[in-house]
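[1] what follows is a predicted protein model with its sequence.
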Amino acid sequence: MLLIFDPLYLVLAILGYAVMFLLAGTVAPKVAGRVAGVFSLYTSMILLLLLIVGVSAGIIYAIISFANITVDILALVIFVVLVNLIIYFISPYMINISYGARPSTELQEIVNRVASRLGVKAPKAVVVSSPPNAFAYGNILTGKYVAVSDSLLNMLSRDEIEAVVGHEIGHHKHRDNLFMLFLGILPSIIFYLGYMLIHSASSSRNENRGAQLAILGIAAVVVSFVIQVLVLAFSRLREYFADTEGVKATSKDSMQRSLAKIHFFYHRYPSASEVLAESKLKALFIYALVNTIASPFVTRADIERLKREKVSPIEEFLSTHPPIPKRLAFIDSLRF
């Protein structure tokens, strides 16, 4: 029977999402407020990575040690890892087909130039058919790609396109696809381990043992969603990291103008926003819907106003991307 039709699975998923919204609306903003500015971007990423891996390893070890069902757990872990690896290997082919990716000599020249400035090997440049956006993808079999939509190429100036390309090359330079693949596996493994423990509890002949398994299973499910919130936070830090490369390749002004133009476009055209919101690849895009404002025109005054816009904590902490106001302010803070 498919898990989605299992009442237990649905109850656990609802519980987990409730925990995520609670964290995003209350705890996460307070924690972020206290640590903001305390650590550098790089230090913050290292500490958060250690926290995610440490908590995940701890709960998995606790389950293996207590549950005494090592073979089933090992099979589950192998299954989840294999599924993610299969997705990793076939996704570039699916992206190329789905988006009609096609080589572009002009875009390749831009990518080559920006890659040279950043001191890395140039990935393959392709143009895709979609609302304005850009993303980096690929693997060890297909090679690395930078995709820019045809609509974005028509919308941005040359220096703004170079900034966007620098951001995407930054994702390749920092190996973000591999980082997020690895970290994305951890919450899934822990959730399904918890789900399995609760099922095991219902069939246990020892009531005390069954209760203990159920409690550990519920705790694992809750922790899996806590880790998911941490993974989203790590993803947002990687976006800041990639923005840094866009600035290095061009300038602060070029990077800010490119982000602001994309942002204003999606507010002006709601249908394009729906396409973006429904895309399964939105975590890869340079821009993801986090918040909106109300002007279709981009001037320096608009950018300055954008920096002062209030950000919804829930929208921010449940997003793979930082809100545009924070990205613009972060770019201002960069020193090289």
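    Structure received.
[2] use CA for all of it now, contacts and neighbours both
    OK.
[3] tell me where the model's unsure across this protein.
    Along the chain, the parts satisfying pLDDT under 70 run over 1-5, 33, 35-37, 68-73, 203-205, 269-284, 286-298.
[4] and the helices in it, which stretches?
    All helices of the chain, identified by DSSP state H, fall at 7-22, 28-35, 41-67, 70-98, 105-118, 150-155, 158-173, 176-202, 207-249, 252-268, 270-278, 300-307, 313-317, 324-333.
[5] deepest-packed of those, please.
    Highest mean neighbour count of the helices of the chain: helix 158-173, a mean of 26 (counted as mean count of other Cα atoms under 10 Å).
[6] so which elements touch that one?
    helix 105-118, strand 134-139, strand 143-149, helix 207-249, helix 252-268 (3 or more Cα pairs under 8 Å, 6 or more residues apart in numbering; DSSP states H and E).
[7] apart from its neighbours in sequence, what residue is nearest residue 250?
    Leaving aside its sequence neighbours, residue 250 sits nearest to residue 163 (Cα to Cα, 6 or more residues apart in numbering; 5.7 Å).
[8] contacting residues around the one you found?
    246, 247, 249, 250, 251, 254, 255, 258 (Cα atoms under 8 Å, 6 or more residues apart in numbering).
[9] just read off the phi/psi values of the fourth one.
    In other words, residue 250. phi -130, psi -100 (degrees, to the nearest 10).
[10] right, and residue 160 touches residue 260 too?
    No: using Cα atoms under 8 Å, residue 160 makes no contact with residue 260, being 10.5 Å away.
[11] returning to that earlier point: need the helices and strands packed on helix 158-173 in CSV with distance to residue 52, can you?
    Converted to CSV, the helices and strands packed on helix 158-173 look like this (distance: least, Cα to Cα, whole Å):
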stretch, distance to residue 52
helix 105-118, 29
strand 134-139, 24
strand 143-149, 27
helix 207-249, 6
helix 252-268, 29
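[12] select, out of those, the one closest to residue 51.
    Nearest to residue 51, of all the helices and strands packed on helix 158-173, is helix 207-249, at 8.4 Å by Cα to Cα.
[13] tell me what angle the closest one forms with helix 252-268.
    Interaxial angle of helix 207-249 relative to helix 252-268 (axes from the mean of the first three to the mean of the last three Cα atoms, to 10 degrees): 120 degrees.
[14] which elements pack onto helix 207-249?
    helix 7-22, helix 41-67, helix 105-118, helix 158-173, helix 176-202, helix 252-268, helix 313-317, helix 324-333.
[15] contact partners of the first one?
    Pointing back at helix 7-22 there. By Cα under 8 Å, 6+ apart, helix 7-22 touches 3, 4, 195, 218, 221, 222, 224, 225, 226, 229, 314, 318.
[16] next: stretch 164-182.
    84, 88, 110-111, 114-115, 118, 120, 123, 134-137, 144, 146, 231, 235, 238, 241-250, 255, 258, 286.
[17] and residue 139, what does it touch?
    The contact partners of residue 139, by Cα under 8 Å, 6+ apart, come to 88, 89, 92.
[18] could I get these as JSON lines with distance to residue 151?
    Below are the contacts of residue 139 laid out as JSON lines (distance: Cα to Cα, whole Å):
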{"residue": "88", "distance to residue 151": "27"}
{"residue": "89", "distance to residue 151": "28"}
{"residue": "92", "distance to residue 151": "21"}
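[19] my guess is residue 225 meets residue 187, correct?
    Yes: counting by Cα under 8 Å, residue 225 does reach residue 187; the two are 6.7 Å apart.
[20] sorry, back to before: nearest to residue 128, of the helices of the chain?
    The nearest among these, by Cα to Cα, is helix 150-155 at 6.1 Å.
[21] residues contacting that closest one, please?
    By Cα under 8 Å, 6+ apart, helix 150-155 touches 127, 128, 129, 130, 131, 132, 133, 134, 161.
[22] and if you look at stretch 328-336?
    Here stretch 328-336 has contacts from 240, 243, 244, 247, 252, 255, 256, 303, 306, 307, using Cα under 8 Å, 6+ apart.
[23] the last one reaches residue 300, doesn't it?
    So that's residue 307. No: the pair residue 307 / residue 300 is not scored as a contact, 10.9 Å apart, by Cα under 8 Å.
[24] bridged to residue 128, which residues?
    Beta-bridge partners for residue 128, by DSSP bridges, are residue 149.
[25] contacting residues around it?
    99, 100, 101, 102, 147, 148, 149, 150.
[26] excluding chain neighbours, give the residue nearest to residue 218 in space.
    Nearest residue to residue 218, sequence neighbours excluded (Cα to Cα, 6+ apart): residue 194, at 6.1 Å.
[27] for residue 126, see how far away that neighbour is.
    Residue 194 sits at a distance of 42 Å from residue 126 (criterion: Cα to Cα, to the nearest Å).
[28] one more: residue 212?
    From residue 212 over to residue 126 (counting by Cα to Cα), the distance is 54 Å.
[29] and residue 263, by the same measure?
    With Cα to Cα as the criterion, residue 263 and residue 126 are 22 Å apart.
[30] do the same with residue 156
    16 Å.
[31] which of the two has more residues huddled nearby?
    residue 126 (22 against 18; other Cα atoms under 10 Å).
[32] near the nearest residue to that one once chain neighbours are set aside, how many other residues are there?
    Spatial nearest neighbour of residue 126, excluding adjacent residues (Cα to Cα, 6+ apart): residue 103 at 4.5 Å. Under the neighbour criterion other Cα under 10 Å, residue 103 is assigned a count of 13.
[33] thanks again, I'm all set now.
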